[in-house]
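Colleague: generate coordinates for the sequence data below:
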Amino acid sequence: MINTALLSDRYSNYKQLMRWDKPIGTLLLLWPTLWALWIAGRGHPDMLVVLIFCLGTFLMRSAGCVINDYADRDFDAHVARTSQRPFARGAVSRKEALLLAAGLALLSFLLVLPLNHLTWLLSLPAVFIAATYPYTKRFFPMPQAYLGVAFSFGIPMAFAALNDEVPPLAWLLLLANLFWVVAYDTAYAMADKPDDLKIGIKTSAITMGERDVAGVMLCHGAFLALMAGIGVHLNLLWPYYLGLFVAWGLIVKQYFDIRDRDRALCFKAFLDNNRVGAAIFAGVLASYWLS
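Modeller: Predicted structure coming up:
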């Protein structure tokens with residue numbers, strides 16, 4: 001007979017391992033992908049491509065979380081916020097995690113098959129960067145920058161899928177998003193800084209030291225400046241700039257959350273970036289709708 005209680009327990013562990021109970025990472029990965037899809041599609045992207053990218057974002061973020069926990073299995077038990085993750089409490093094995101990550105990556109690749117060859121090719125470095133990011137925390141002083149590349153690779157893939165080319169604009173949008181990722185993930189790292197210092201891993205919050213708050217805000221500023229320049233280049237209409245203004249207001253609020261380096265408020269600031277991404281996407285959407 002099938003032990004339903006055991007199956008339910010395994011499902012619960014896998015769900016936590018893939019962070020299905022915490023969708024913030026998927027949303028932060030999805031917003032820039034949606035910006036790129038609407039810009040590349042000039043306001044009218046192929047809805048099948050949009051669906052493929054939404055599902056792919058969900059699957060790849062899930063796979064990335066599994067790989068991250070596998071890589072950090074010896075660290076998470078020593079960090080207050082991660083001590084109850086499945087690996088940290090011994091609820092899943094290494095083999096289970098690797099098989100789960102491989103299955104999720106395979107499903108993601110199958111989603112890309114209906115798209116063009118350029119998108120297939122770009123999916124290879126995307127998977128490599130996502131899989132290797134967790135290991136950069138051992139030696140790279142700014143792993144958040146590497147994460148920024150991983151969280152931005154949906155942008156050139158979106159342009160490739162819709163236009164069969166990756167123009168300079170796509171790389172500029174990737175650069176803008178990279179600054180945003182460094183900003184919000186440094187705020188996230190600020191929440192874990194005391195624990196990370198004890199266990200000896202590297203983060204941008206540790207590398208920046210006492211300048212971490214200034215570093216976060218400078219990265220946010222570079223992000224907004226580049227996004228404004230992209231809007232001017234594309235002749236986007238006033239709703240886009242209204243979206244950027246709302247994003248700016250939300251980022252100013254984040255400054256007051258992180259300036260005292262309170263762990264709970266730093267984590268809250270990280271979470272609030274979901275609204276930043278949504279505000280910008282609303283501006284992109286409304287601009288193209290009016291035009």
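Colleague: leaving out chain neighbours, which residue sits closest to Gln101?
Modeller: In this structure residue 101 is Ala, not Gln. Val66 (4.2 Å; CB to CB, 6 or more residues apart in numbering). Every C-beta, even on glycine, is put in place using the N, C-alpha and C of the backbone.
Colleague: checking Ser114 next. Helix, strand or coil?
Modeller: For residue 114 the amino acid is Pro, not Ser. Using DSSP: H, G, I helix; E, B strand; the rest coil, the structure places Pro114 in coil.
Colleague: so it sits against Ile52, correct?
Modeller: Yes. Counting by CB atoms under 8 Å, Pro114 touches Ile52, with 6.9 Å between them.
Colleague: before we move on, back to that, ok, the residue nearest to Ala101 - contacts?
Modeller: Leu17, Met18, Ala97, Leu100, Ala101, Leu104 (CB atoms under 8 Å, 6 or more residues apart in numbering).
Colleague: in which helix or strand does it reside?
Modeller: For Val66, the element it lies in under DSSP states H and E is helix 47-71.
Colleague: residues contacting Ile230?
Modeller: Ile39, Leu169, Leu172, Leu173, Ala176.
Colleague: what about 10 Å?
Modeller: Counting by CB atoms under 10 Å, 6 or more residues apart in numbering, Ile230 touches Trp35, Ile39, Leu169, Leu172, Leu173, Ala176, Leu236, Tyr240, Val284.
Colleague: among those, which one sits closest to Met227?
Modeller: Closest to Met227 out of the contacts of Ile230 is Ala176 (5.3 Å), distances taken as CB to CB.
Colleague: so the spatially closest residue to that closest one that is not a sequence neighbour, which of the three states?
Modeller: Leaving out its chain neighbours, the residue that sits closest to Ala176 by CB to CB, 6+ apart is Leu226, at 3.7 Å. Three-state call for Leu226 (three-state DSSP): helix.
Colleague: follow-up on the earlier one: overlap in contacts, Pro114 and Ile52.
Modeller: Counting by CB under 10 Å, 6+ apart, the residues touching both Pro114 and Ile52 are Ala161.
Colleague: more crowded one of these two?
Modeller: Ile52 (19 against 11; other CB atoms under 10 Å).
Colleague: my guess is that one contacts Asn116, does it?
Modeller: No. Using CB atoms under 10 Å, Ile52 is not in contact with Asn116; the gap is 11.9 Å.
Colleague: now for those two: what residues contact both?
Modeller: Ala161.
Colleague: which element follows the longest helix seen in the chain toward the C-terminus?
Modeller: The single longest helix within the chain, with elements called by DSSP state H, is helix 168-199. Using DSSP H and E, the helix or strand that follows helix 168-199 in sequence is helix 204-208.
Colleague: next, count neighbours for Pro23.
Modeller: 13.
Colleague: quick one: it from Phe140, how far?
Modeller: Counting by CB to CB, to the nearest Å, the separation of Pro23 from Phe140 is 27 Å.
Colleague: for Trp31, give me its contacts.
Modeller: Neighbours of Trp31 in contact, by CB under 10 Å, 6+ apart: 57, 151, 154, 177, 180, 273-281, 284.
Colleague: so it: helix, strand or coil?
Modeller: Trp31 - assigned by three-state DSSP - is helix.
Colleague: quick check: pLDDT value at it.
Modeller: Reported pLDDT at Trp31 in the predicted model: 98.
Colleague: ok, back up a step: which single one of the contacts of Ile230 is nearest to Met208?
Modeller: The nearest member of the contacts of Ile230 to Met208, counting by CB to CB, is Ala176 at 20.1 Å.
Colleague: how about the nearest residue to Leu98, chain neighbours excluded?
Modeller: Leu98 sits nearest to Tyr70 (CB to CB, 6+ apart), 6.8 Å away.
Colleague: against His117, how distant is the residue nearest to Gly64 when sequence neighbours are not counted?
Modeller: Using CB to CB, 6+ apart and skipping the chain neighbours, the partner closest in space to Gly64 is Ala130 (4.8 Å). Counting by CB to CB, the gap from Ala130 to His117 is 21 Å.
Colleague: one more: Gly221?
Modeller: Gly221 is 38 Å from His117, by CB to CB.
Colleague: tally up the residues packed near Val252, please.
Modeller: 11.
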